[in-house]
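1. coordinates for the following, if possible.
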Amino acid sequence: MTPHPSPAVIARYTDLEAHLDEATVWSVEVHLDDCADCRALVADGTTDDTRALLDRVAAGVSRGRAAGPAPAPRRRLPVALHRWAAWHLVPWLVMTVAVLGCAVLLQVLTPGLPSLVTLLAPVAPLPGVAVAWSRRHDPAWELIAGTPSAGLAMLLRRTAAVLVVVVPALALANTRTGGSLALTLLPCLAFTAATIALGAFIGVRVAAVGLGLVWMLVAVAPAVVTADLPAVLQPASSGGWALLALALAGFAATRADNFRRLASHD
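-> Below you'll find the predicted structure:
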């Protein structure tokens, strides 16, 4: 059973003058198929003529279902897993781990370079986050979007699934290169939060690509040329990264409604 829509959402759904985004309308209608209590709430907000019409339609649907074949059993576990992760994330996560492995190997072979793991840490989760909740990469996107838990909640769950893979990989790579663990993980979390916050306005995929390109141009390329880490990755900057990650995460939480619009996930 999917989570119940709030009474405020039900009230707006039954109000012809109110506006609800497409994803919310889909999620409410999907939920109403299985929840008699919420259907009763919807019925309370309708006129007598509308309730009579709904009763006739419901009776007709019930007769049709009774006359037809038995419905196939629901497989709830795969659906629940799909809300947390998806198979289309696997190649991107494998690629990310492979790139970090190559960074460790290159660091061992070329000790004069700055810590490549530290340089790549901020953008390491971005490929996975970019495709975590995107209609262009998820073949089941329309089905998942039709649930009450879609939007920011879905994006956060799938982002957590990405971080569960990327963060341990970064920590392990960091032990091999001897870099600062704080300056490896905190920028990673800050860029992830920045992608979600900026994605509320321009889409998560575009935000991830843009932030990744900017970091490569202003931090990675100069560091490789000068053989020195940029100032933002020096030990004194770890507190700033922590504060930035918290501030961006809080801001993203205030923009949850933006992720209910389908265009925000292009």
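
2. does the closest residue to residue 37 other than its chain neighbours belong to a helix, a strand or coil?
-> The shortest distance from residue 37 to any residue other than its chain neighbours is 7.6 Å, reached at residue 4 (C-beta to C-beta, 6 or more residues apart in numbering). Any C-beta I mention is one placed from the backbone N, CA and C, and that applies to glycine too. For residue 4, the secondary structure call by DSSP: H, G, I helix; E, B strand; the rest coil comes out as coil.

3. tally of neighbours for residue 4?
-> As a burial measure, residue 4 scores 15 neighbours (other C-beta atoms under 10 Å).

4. just the element for residue 130, please.
-> helix 126-132 (DSSP states H and E).

5. before we move on, what about residue 112?
-> Counting by DSSP H and E, residue 112 is found in no helix or strand.

6. quick check: closest non-adjacent residue to it.
-> With C-beta to C-beta, 6+ apart as the criterion, residue 112 has its nearest non-adjacent residue at 6.0 Å, and that residue is residue 227.

7. spit out the contact partners of the nearest residue in space to residue 5 that is not next to it in sequence.
-> In this structure, residue 5 finds its nearest non-sequential neighbour in residue 28, 5.1 Å apart by C-beta to C-beta, 6+ apart. Taking C-beta atoms under 8 Å, 6 or more residues apart in numbering, we find residue 28 in contact with 5, 9, 10, 13, 20, 38, 148.

8. and the pLDDT at residue 28?
-> For residue 28, the model assigns a pLDDT of 82.

9. lowest-pLDDT helix or strand in this structure?
-> helix 76-84 (a mean of 52; mean pLDDT, DSSP states H and E).

10. now the helices for this protein?
-> For the chain, applying DSSP state H gives helices covering 7-14, 22-32, 36-44, 48-67, 76-84, 90-109, 116-120, 126-132, 141-145, 152-177, 182-202, 204-215, 221-226, 238-254.

11. which of the ones you listed comes out lowest on mean pLDDT?
-> helix 76-84 (a mean of 52).

12. wait, isn't residue 231 in contact with residue 222?
-> No: assessed by C-beta atoms under 8 Å, residue 231 is found out of contact with residue 222, at 10.7 Å.

13. determine the set of other helices and strands touching the helix holding residue 130.
-> With contacts defined as 3 or more C-beta pairs under 8 Å, 6 or more residues apart in numbering; DSSP states H and E, the packing partners of helix 126-132 are helix 90-109, helix 152-177, helix 182-202, helix 204-215.

14. burial measure for residue 40, as a count.
-> 9.

15. show me what contacts the nearest residue to residue 253 once chain neighbours are set aside?
-> Counting by C-beta to C-beta, 6+ apart, residue 253 lies nearest to residue 152, which is 7.6 Å off, once chain neighbours are set aside. Counting by C-beta under 8 Å, 6+ apart, residue 152 makes contact with 196, 252, 253, 255, 256, 259, 260.
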